[in-house]
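Student: Make a model of this:
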Amino acid sequence: MSMSDDLAPALLPRHIAIIMDGNNRYGKIHNLGKGQGHIAGKDALDPIVEYCVSTGIEVLTVFAFSSENWQRPPSEVALLMHLLSLTINEQMPRMVKYRIRLRFIGDRSQLSDDLQTLMADAEAKTADFDAMTLVIAISYGGQWDIAYAAKQLVQQVQAGQLSIDDINKEKLGEYVQLADAPEVDMLIRTGGEYRLSNFLLWQSAYAELFFTPTLWPDFSVDELAAMLEDFAQRQRRFGKTSEQVVTAQQIS
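Tutor: Down below sits the predicted model:
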């Protein structure tokens, strides 16, 4: 039993997002063959998914391939695309066993037809599962996400379906990716870097940030549990004073 098993549901994040960084460095440190660090990273996801669903997390979003990753060497991009296909196929039995819904966010237009079909099929087969939602971000960038949402609003204005005066942050928020999911409460980045790298910029506006030097293939359930303990101790004010937060908690 991990420490977070004793936490009340109200103290847990509803939505965890993870930037899974450090695969290449892991491979170099362990003298693995080219691309083997990414394979190790793929396998590291399984226990994290199972732990999150058992703990009661509603949504887990992982950054698998960013819009900027297309700039990497073609051989590495091809390997990552292959591993994404493997990941989807390997995750499906787990999705069925634990009744986890599988979703994807990102610009699918840049992906192969075969991968797009695989993604759509996985989403359809798990659409009614409600134990947790696993979201895999592929060809995703937070700036692209916001720009694409704005473009949809502009199209509605041009078509006379929406007044420009009706556009506000709530309306824009209806068109970003994962608009129907809880906002990100907890964002984790492995690998020792201290930046968001264009990941879920809108959705993580009030997320609690956690950075660890642990490379993604070494990231464990125990470390995640310790982070959840830390999260439960943080006071989330959302612009209010500490006194206002305490008073609201006492009333509720």
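Student: right, and the secondary structure at E68 would be what?
Tutor: helix (DSSP: H, G, I helix; E, B strand; the rest coil).
Student: Tell me how many other residues crowd it.
Tutor: Here the number of neighbours of E68 (other CB atoms under 10 Å) works out to 14. Every residue, glycine included, has its C-beta placed from N, CA and C.
Student: What segments of the stretch 101-250 of the chain are strands?
Tutor: Applying DSSP state E, counting those that start in this stretch to the stretch 101-250 of the chain gives strands spanning 132-140, 186-189, 208-211.
Student: what bits of the stretch 51-200 of the chain have low per-residue confidence?
Tutor: By pLDDT under 70, the stretch 51-200 of the chain contains no weakly predicted segment.
Student: Try it again at 90.
Tutor: 76, 87, 90-91 (pLDDT under 90).
Student: what's near enough to touch the closest residue to V135 other than its chain neighbours?
Tutor: Of all residues not flanking V135 in the chain, T61 sits nearest, at 4.0 Å (CB to CB, 6 or more residues apart in numbering). T61 is in contact with H15, I16, A17, I18, I105, L134, V135, I136, A137, L178, V184, L200, counting by CB atoms under 8 Å, 6 or more residues apart in numbering.
Student: is it true that the last one touches D185?
Tutor: No - between L200 and D185 there is no contact, the gap being 11.5 Å when judged by CB atoms under 8 Å.
Student: out of these two, which sits in the busier spot?
Tutor: Each of L200 and D185 has its neighbours counted (other CB under 10 Å); L200 has more, 27 against 20.
Student: in stretch 147-154, what's buried?
Tutor: By 16 or more other CB atoms under 10 Å, the buried positions in stretch 147-154 come out as A149, L153.
Student: So what touches that stretch?
Tutor: So stretch 147-154 is contacted by D107, L162, I167, K171, L172, Y175, V176, W202 (CB under 8 Å, 6+ apart).
Student: Leaving out sequence neighbours, find the closest residue to the last one.
Tutor: Nearest non-adjacent residue to W202, counting by CB to CB, 6+ apart: V176, 4.9 Å away.
Student: what's the answer for the first one, then?
Tutor: Take D107 and drop its neighbours on the chain: the residue closest to it by CB to CB, 6+ apart is S139, 4.7 Å away.
Student: returning to what we had before: list residues touching both of L200 and D185?
Tutor: A207.
Student: Please enumerate the helices of the chain.
Tutor: 23-29, 36-55, 74-98, 113-126, 142-158, 169-173, 221-233, 242-251 (DSSP state H).
Student: Let's have those in JSON lines, adding distance to L196.
Tutor: As requested, these are exported to JSON lines (distance: least, CB to CB, whole Å):
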{"stretch": "helix 23-29", "distance to L196": "18"}
{"stretch": "helix 36-55", "distance to L196": "19"}
{"stretch": "helix 74-98", "distance to L196": "20"}
{"stretch": "helix 113-126", "distance to L196": "24"}
{"stretch": "helix 142-158", "distance to L196": "7"}
{"stretch": "helix 169-173", "distance to L196": "18"}
{"stretch": "helix 221-233", "distance to L196": "17"}
{"stretch": "helix 242-251", "distance to L196": "25"}
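Student: who wins for proximity to T212 among those helices?
Tutor: Ranking these by proximity to T212 (CB to CB) places helix 221-233 first, at 6.7 Å.
Student: Next, the angle helix 36-55 makes with the closest one.
Tutor: If you take axes from the mean of the first three to the mean of the last three CA atoms, to 10 degrees, helix 221-233 sits at 50 degrees to helix 36-55.
Student: list the buried ones in helix 221-233?
Tutor: For helix 221-233, using 16+ other CB under 10 Å, the buried residues are V221, E223, L224, A225, A226, M227, L228, F231, A232.
Student: can you give me how far it is from the chain middle?
Tutor: 17 Å (CA atoms, centre = their mean, to the nearest Å).
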